[in-house]
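> Build the 3D model from these lines:
(chains A and B)
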Number of protein chains: 2
Amino acid sequence: MYKPDIKVLDCTVRDGGLMNNWDFTVEQVRKIYHALWAAGVDYMEIGYRHDKEMFPPEKSGAWRYSDDDAVRNVIDHVPEVRGKERPKISVMADIGKSVESDFTVPASESAIDLVRFATYAKDADKAKHFAEHCHALGYETCINLMAISHCSEFELHEALEAMVEAPVSAIVIVDSFGSLYSEQVHYLIQKYQKYIGDRKIDIGVHMHNNMQLAFANTIEGIIRGALRVDGTLYGMGRGAGNCTTELLLSFLKNPKYDVRPLLDVISEIMVPMREEVEWGYLIPYLVTGALDEHPRGAIAWLKKPERNNFRRFYNLMLEGEPIT
Amino acid sequence: MYKPDIKVLDCTVRDGGLMNNWDFTVEQVRKIYHALWAAGVDYMEIGYRHDKEMFPPEKSGAWRYSDDDAVRNVIDHVPEVRGKERPKISVMADIGKSVESDFTVPASESAIDLVRFATYAKDADKAKHFAEHCHALGYETCINLMAISHCSEFELHEALEAMVEAPVSAIVIVDSFGSLYSEQVHYLIQKYQKYIGDRKIDIGVHMHNNMQLAFANTIEGIIRGALRVDGTLYGMGRGAGNCTTELLLSFLKNPKYDVRPLLDVISEIMVPMREEVEWGYLIPYLVTGALDEHPRGAIAWLKKPERNNFRRFYNLMLEGEPIT
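Predicted structure coming up:
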């Protein structure tokens, strides 16, 4: 029997935005929202809410900020999909790049349903504090613990202690470097479960595809008890990209899901976008994934004329050389 | 500790040949052989040995036939990699497309070390017979059971009974449709082990990437006891392609493996080839994988002007329409 409690969050615009500077048109975001709705996807993460003082709005697309007005301008102009619940809207706040003062409207008056906090382990207390702020405004909240493969046991212990005391509906394992194998996913889920105990907090997984393991690791998460799974259309996302939402919906047996509306929007928007914006299985991303390194070196390398000198990149990464 | 008994077979030229009609130059095949040697790869499957009467040689490249002379022309002109054992050479015979009379030279006088027989379950007896013929000539032999996801329990029972009585060093689980999930790999390996009992026969896995699970399923195979693993460079292979050899070598801990020579040849040969020949994660391959269908419909669809109308393809596949 399928697990009705599994919830799919599509973060194409948010995570994919890292690759195109959040330069999606309103029309594209409306079409994606409509497709996710028709497909039965539970959440759409429509962007970050980054601090406009740190990141001036003239330099990035609207989905780096995801103002309430911009979100309304999407969701209020999409025809209803009858018989399906609309996707809830999520925005991501980044600890250190987002500010609490950008969240003042009560959830009841906002187009946003969920705020997810992306944090490194050392800032888990800050994420908890931010979550308390948003929870008090009536938002659902989650904490996404990034770069999990670089957390020491002790850091993870401290972060988990903070996160499970936050007013969150889920804590999410984020394999930022795409370097986890399934046995590590299994291990981490068990650890999260131990800290959660009998609290009503779900576990989520957000997997990157450097070693072509994003979907497999997401399935492993589901087998071990994760109830929140992240995907992006056609895998669009930083570097090697993400677990794809279309694979998730092909796999999950809940009758409410239908992959076909996603195929339409992949055909119309994502395939042409992939011609302009490069993400996916490229050897430098494999190298950073296999070496458990941040993909930024690979992203920088792929902009160089010598981008296909993979051995040189591998050796530079081994030497710990910064790629600029 | 790493398992020293795991052996990697690269079948880029054989399986990739399905996508370019085996149109690799001698120079390319030499470079691939040399790279595999330097990387410590155990076997190179250099091509099929298909019947020239069924498949006239003027219509396909040399690696559809893999004559001894052609193979010698590769391996005798490659500089030695000192301190490494050279890869053994494998050719694949296809039951129904290859003939025993094309194998008459004793192994001791041949450039070929291993003959692998690709068979559907119903022809397992024929594969056994062919294996006996080649074994008597001194070749190592394996049987690759194709389209495993379409085997009924009873067919698989009969095929396994035949295969374990053949003089083979390994029997290989072939996920031709790229439709297996890890739990099915686990199940199949246990079943193979039951039939093998205490015979000295290894289990192998050959995984396709329709659902981006080829590498993950290969790892699952290794965890469950498979000792033979197949890969191709940059994943080149039919349709969505294969588990990549470079991912395998990044994962395996045996000190004899070094991924860097593979990166060189991927850079020089495979990346440019991918510009000409299309394989990898394309939505029609996801559709056939998720529906557990042969990829031929997807291959045909991708040649049409309407190739990106993924919904239509999905619906046609659901209806069982042949795509021509």
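
> Secondary structure class of the closest residue to chain B within the stretch 151-300 of chain A, three-state.
When distances are taken as Cβ to the nearest Cβ, the stretch 151-300 of chain A approaches chain B most closely through A:Ala216, which lies 3.0 Å from it. Quick note: C-beta positions are derived from backbone N, CA and C, even for glycine. When states are read from DSSP: H, G, I helix; E, B strand; the rest coil, the local structure at A:Ala216 comes out as helix.

> residues contacting it?
Under the criterion of Cβ atoms under 8 Å, 6 or more residues apart in numbering or on different chains, the contact partners of A:Ala216 comprise A:182, B:182, B:212-213, B:215-217.

> Up against chain B, what does chain A have?
Listed as neighbours of chain B in chain A under the rule Cβ under 8 Å from any Cβ of the partner chain: A:181-183, A:209, A:211-217, A:219-220, A:223, A:234-235, A:244, A:246-247, A:250-251, A:259-260, A:263-264, A:266-267, A:271, A:280-281, A:283, A:286-287, A:290, A:308-311, A:314-315.

> Closest to B:Arg116 out of the contacts of A:Ala216?
Nearest to B:Arg116 out of these is B:Asn217 (Cβ to Cβ; 19.0 Å).

> Can you tell me the closest non-neighbouring residue to that closest one?
In space, and not counting its chain neighbours, B:Asn217 is closest to B:Met207: 4.5 Å by Cβ to Cβ, 6 or more residues apart in numbering or on different chains.

> who touches whichever strand or helix holds that neighbour?
B:Met207 is located in strand B:202-207, with elements delineated by DSSP states H and E. Strand B:202-207 is touched from outside by B:5, B:7, B:9, B:11, B:142, B:144, B:169-175, B:178, B:180, B:185, B:189, B:192-193, B:196, B:213-215, B:217-218, B:221-222, B:225-230, B:242-243, with contacts defined as Cβ under 8 Å, 6+ apart.

> so how far is A:Pro106 from A:Leu137?
5 Å (Cβ to Cβ, to the nearest Å).

> do A:Ile173 as well
Counting by Cβ to Cβ, the gap between A:Ile173 and A:Pro106 amounts to 30 Å.

> Comparing the two, which residue is more hemmed in?
More neighbours sit around A:Ile173 than around the other of A:Ile173 and A:Pro106, counting by other Cβ atoms under 10 Å in any protein chain shown; the figures are 25 against 11.

> Tell me what the more buried one is bridged to.
The partner list for A:Ile173 in beta bridges (DSSP bridges) reads A:Leu145, A:Val205.

> Ok, A:Thr232 next?
Partner residues in beta bridges with A:Thr232: A:Thr244, with DSSP bridges as the criterion.

> isn't it right up against A:Met19?
No. Here A:Thr232 lies out of contact with A:Met19, judged by Cβ atoms under 8 Å, at a distance of 10.1 Å.

> okay, those two: which has more neighbours?
Neighbours per residue, other Cβ under 10 Å: of A:Thr232 and A:Met19, the larger number sits with A:Thr232, 29 against 20.

> distance of that one from B:Ile299?
Plainly put, A:Thr232 is 26 Å away from B:Ile299 if you go by Cβ to Cβ.

> Over to A:Asn309?
When distances are taken as Cβ to Cβ, A:Asn309 and B:Ile299 turn out to be 33 Å apart.

> Neighbour count: those two, which is higher?
B:Ile299 (20 against 17).

> ok, that one touching B:Gly241?
No. B:Ile299 is beyond contact range of B:Gly241, at 12.0 Å (criterion: Cβ under 8 Å).

> re earlier: can you redo the contacts of A:Ala216 as TSV with distance to B:Glu321?
Listed next are the contacts of A:Ala216 as TSV, based on distance: Cβ to Cβ, whole Å:
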residue	distance to B:Glu321
A:Ser182	36
B:Ser182	31
B:Gln212	26
B:Leu213	26
B:Phe215	32
B:Ala216	31
B:Asn217	29
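
> Kindly indicate which of those residues lies nearest B:His50.
Distances from the contacts of A:Ala216 to B:His50 were compared by Cβ to Cβ; the smallest belongs to B:Asn217, at 27.4 Å.

> Now that that closest one has come up, it's in contact with B:Glu183, right?
No. Contact criterion Cβ under 8 Å: B:Asn217 and B:Glu183 do not qualify, at 10.2 Å.

> Could you check which of the two is surrounded by more residues?
B:Asn217 (27 against 11).

> so how far is B:His206 from the more buried one?
Here the distance between B:Asn217 and B:His206 works out to 10 Å (Cβ to Cβ).

> same thing with A:Val164?
With the distance defined as Cβ to Cβ, A:Val164 ends up 43 Å from B:His206.

> which of these two has more neighbours?
Using other Cβ under 10 Å, the more surrounded residue of A:Val164 and B:His206 is B:His206, with 30 against 18.

> Walking through the stretch 101-250 of chain A, point out its helices one by one.
A:124-136, A:153-163, A:182-196, A:214-224, A:245-251 (DSSP state H, counting those that start in this stretch).

> I am finished for the moment; much appreciated.
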